[in-house]
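Engineer: I need the structure of the sequence given here:
(one chain, ligands or ions: 1)
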Amino acid sequence: MCTLELLSSRKIDSFRAMRKQETDLLISFIREAAGDHAAVDLTAKVSSLSADMSCRMIMGKKFEVSEFDERGFSAVIQDAMKLAATPNLGDYIPQIARFDFQGLTKKMKKVGTVFDNFLEKIVEEHIQCSRNDNNEEEDKAKDFVDVMLGFLDSEESEYRIERPNIKAIILDMLSASIDTTSTTIDWALAELIRNPDILKKVQKELETKVGVERMVEESDLESLDYLNMVVKETLRLHPAGPLMLPHKAREDCTINGFHIPQNASVIINAWAIGRDPHAWTEPNKFFPERFVKSDIDFRGHDFQLIPFGSGRRSCPGIQLGLTVVRLVLAQLVHCFDWELPNGMLPGELDMTEVFGLSVPRAKHLLAIPTCRLVHK
Ligand code: HEM
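Structural biologist: Numbering: from 1, shown residues only. Next up is the predicted model:
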C-alpha cells in the first residue's frame, strides 16, 4: 500500500505545489537573515521544513510546536526514536524482560499514549471532514490519512486495514521521513560549506542549467548531474539510517564462515560499508567526482552503497526522499552563498556525529547567508 498508493510517483507529484510553498517560506526567512547579515541555524530550519512537509503530506496540515504535547512535536518524535534505538536487555535475555530493568517499557507506554491520543484526533478529524464534505474531492488534495481511510473496512480492497493500522502507518511514515530527509540535507550542506571548491562547482552547474534569474524547480533536478553526485557522496559518508532497520534471517545460512541461524536478528552496518577501504579509495574524503563514469548507484543493487537498504524491505520513500533532499539543497546553494560565523574557517567546522537510529550532527550547523540571485 505504501509503494502503490502513498509513495507512487503520481502521489508524490501531487504534493509538488505544497513542497514549493514550504521551501519558499524557508527561502524568504533566509533572505531576511541575509539582509541583516545574521547567522541561520540551518539544522533547526531544515528539520522543521522537513517536519512541516511530512505533516502536510501525511496528515494534511502542519502543527505548531505546542499543539502535540507541551514539549512539541519534534521533541516527542525524537524521544520515541531514541527509545526505539536503545538496546533492550530483555531482547537478549528473555528471562529478565518482564522486570524492565531499564524502564524502557514504561517509557514506551508513556510515549505511546501521547502518540495514540494525537493520532486518534487526526483520524477522527479526517472522518468528520469527509462526512461534511460529500462532493468528490480531487485525488490531488488527498493526504495519506484520506487515502488510507478510503480502504478502511473495505471488503473489495486488497488492503485489509483497520483504524489501528492507519495510526501505525501514520507514525511509521512520520518517523521514517522527517529525520532521514533533514539529516541528509544537513550533512550535505555541512560538507559543501566545509569544501568551498565543491560548493562552487554545484553553484556553477546551477548557473549553467538554471541561470540566476529564477529559482530551481523540481523539473530541473534530473539534469543536475553534479548535485546528484554530491547527494550520493553525502549518503555514502552519512547514511541517515546507519544500521538500517533490523532484518530477520528466513532460513539458516552461512556467510563468510559465520553461521546465521533462522530467525536471528540481522543488523547491517551501512555506515561502515560506506567507509570500507576495501570498497572505496580514500573512503573518508568527501569526493563526489568518484561517481563520474561510475555505475555505482544507491538503489540497492550495489552493495557497497546501500543508504536506502536493498531488496523487498528497502526504503519505499526513496524517490520522495531524494526529491526533497535535492530540491532543498539546490535551492539553498543556488539562492545563497554561505560563510561560517565568527570568522570560522571551512576546515574548522565540527563534523562530529551522534549515533542513534539516524546519525545527526552533534552541533547544529550555523551559517551566514548572502543572496546570489537577481531579484526581479
Ligand atoms: C534521504 C532520505 C531517506 C533515507 C536515507 C531512508 C533510508 C531508509 C532505510 C535505510 C530504511 C531501512 C531499509 C532496510 O532496512 O533494508 C528505510 C525504510 C523505510 N523508509 Fe526510508 N529513507 C528516507 C526517506 C524516506 C521517506 C521520505 C519515507 C516516506 C515517507 C520513507 C519511508 C520508509 C519506510 C516506510 C520504511 C520501512 C520499510 C519496510 O520496513 O518495509 N523513507 N528507509
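Engineer: Could I get the contacting residues of Lys106?
Structural biologist: Taking Cβ atoms under 8 Å, 6 or more residues apart in numbering as the contact definition, Lys106 lies against Asp100. Quick note: C-beta positions are derived from backbone N, CA and C, even for glycine.
Engineer: Let me see the confidence value for it.
Structural biologist: Looking at Lys106, its pLDDT is 94.
Engineer: what mean pLDDT does the helix or strand harbouring Arg56 have?
Structural biologist: Taking DSSP states H and E as the definition, one finds Arg56 inside helix 42-59. Mean pLDDT, taken over the full extent of helix 42-59, equals 95.
Engineer: And the contacts of the helix or strand following that helix?
Structural biologist: Toward the C-terminus, helix 42-59 is succeeded by helix 73-85 as the next helix or strand (DSSP H and E). Contacts to helix 73-85, defined as Cβ under 8 Å, 6+ apart, come from residues 47-48, 51, 55, 63, 65, 67-69, 104, 107-108, 111, 114-115, 174-175, 178-179, 356-358.
Engineer: What angle do helix 42-59 and helix 73-85 make with each other?
Structural biologist: When axes from the mean of the first three to the mean of the last three Cα atoms, to 10 degrees is applied, the directions of helix 73-85 and helix 42-59 differ by 90 degrees.
Engineer: for the residue of the chain most remote from its centre, phi and psi?
Structural biologist: Centroid-distance maximum for the chain: Gln95 at 36.7 Å, with Cα atoms, centre = their mean. Here the main-chain torsion angles of Gln95 (degrees, to the nearest 10) amount to phi -60, psi -30.
Engineer: so where does Lys20 fall, helix or strand?
Structural biologist: With the criterion set as DSSP H and E, the secondary-structure element containing Lys20 is helix 16-35.
Engineer: pretty sure Pro246 contacts Ser265?
Structural biologist: Yes: applying Cβ atoms under 8 Å as the test, Pro246 and Ser265 come out as touching, 5.0 Å apart.
Engineer: coming back round to it: could you pull out the buried residues of the helix holding Arg56?
Structural biologist: Across helix 42-59, burial judged by 16 or more other Cβ atoms under 10 Å covers 42-43, 45-59.
Engineer: Ok, stretch 93-109 next?
Structural biologist: Asp100, Leu104, Thr105, Lys107, Met108.
Engineer: Skipping adjacent residues, who's closest to Thr180 in space?
Structural biologist: Once flanking residues are discounted, Thr180 sits nearest to Ala240: 3.9 Å by Cβ to Cβ, 6 or more residues apart in numbering.
Engineer: Next up, the contacts around the one you found.
Structural biologist: With contacts defined as Cβ under 8 Å, 6+ apart, the neighbours of Ala240 are Asp179, Thr180, Thr181, Thr183, Thr184, Pro307, Ser358, Val359.
Engineer: number of nearby residues for the second one?
Structural biologist: If I follow you right, that is Thr180. Residues contacting Thr180 under the criterion other Cβ atoms under 10 Å number 22.
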